[in-house]
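> Can you look at this prediction? I've put the sequence above it.
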Amino acid sequence: MNASMLSYILFSCLLLSVQAEYCGVREIIRYTQRLLDDSSVSCPCRQTAISSCSCLPIPEHGHELACFVDGTKHLMENNNSSNLVITRLYLTFQAQLDRNLCERLAHSDQCQYETKGNVKEFLKKIMTTYQKIDK
């Protein structure tokens, strides 16, 4: 095996190891903070009554990614203005779930939650989850 082949193999392994742990933590925190700053939605989530507030899943431990996918998909579908930040978050969460990119988050395809919250509560859950990974 020549030196160029060896360096190519080592470079490929390095890329795979970096990709395997791609959580996009800083990007997700930045996008979530932008949404929190823009979001004026602080009304309570009423699961029974039809209200203008979205009720989004606040995930149980180990089900974060699946719930983040479901919640951001719901926001995309029910947001009159097509918000690129929400779409970007949704695609990032979906990729992480599909490809097991973020090993620090337990992977479950099912979103399990005991409570639902409004948009601000949902975004704060995303923020705290990824801030823990960043430490």
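Received, thanks.

> where are the low-confidence patches of this protein?
Counting by pLDDT under 70, the chain has low-confidence residues at 1-21, 39-43, 46-53, 79-82.

> can we see that at 90?
Scanning the chain for pLDDT under 90 picks out 1-24, 37-55, 61-62, 74-84, 99-109, 118-119, 133-135.

> Let me see the ranges of the strands in it.
Remark: strands assigned in the chain by DSSP state E are 56-59, 113-117.

> Contacts only, for the residue nearest to M127 when sequence neighbours are not counted.
Among residues not flanking M127 along the chain, T32 sits closest, at 4.9 Å (CB to CB, 6 or more residues apart in numbering). (Each C-beta comes from the backbone N, C-alpha and C, glycine too.) Contacts were defined as CB atoms under 8 Å, 6 or more residues apart in numbering; by that measure T32 touches L89, L123, I126, M127, Y130.

> Could you pull out the helices in the chain for me?
In the chain, the helices defined using DSSP state H lie at 3-20, 25-38, 64-78, 84-99, 119-134.
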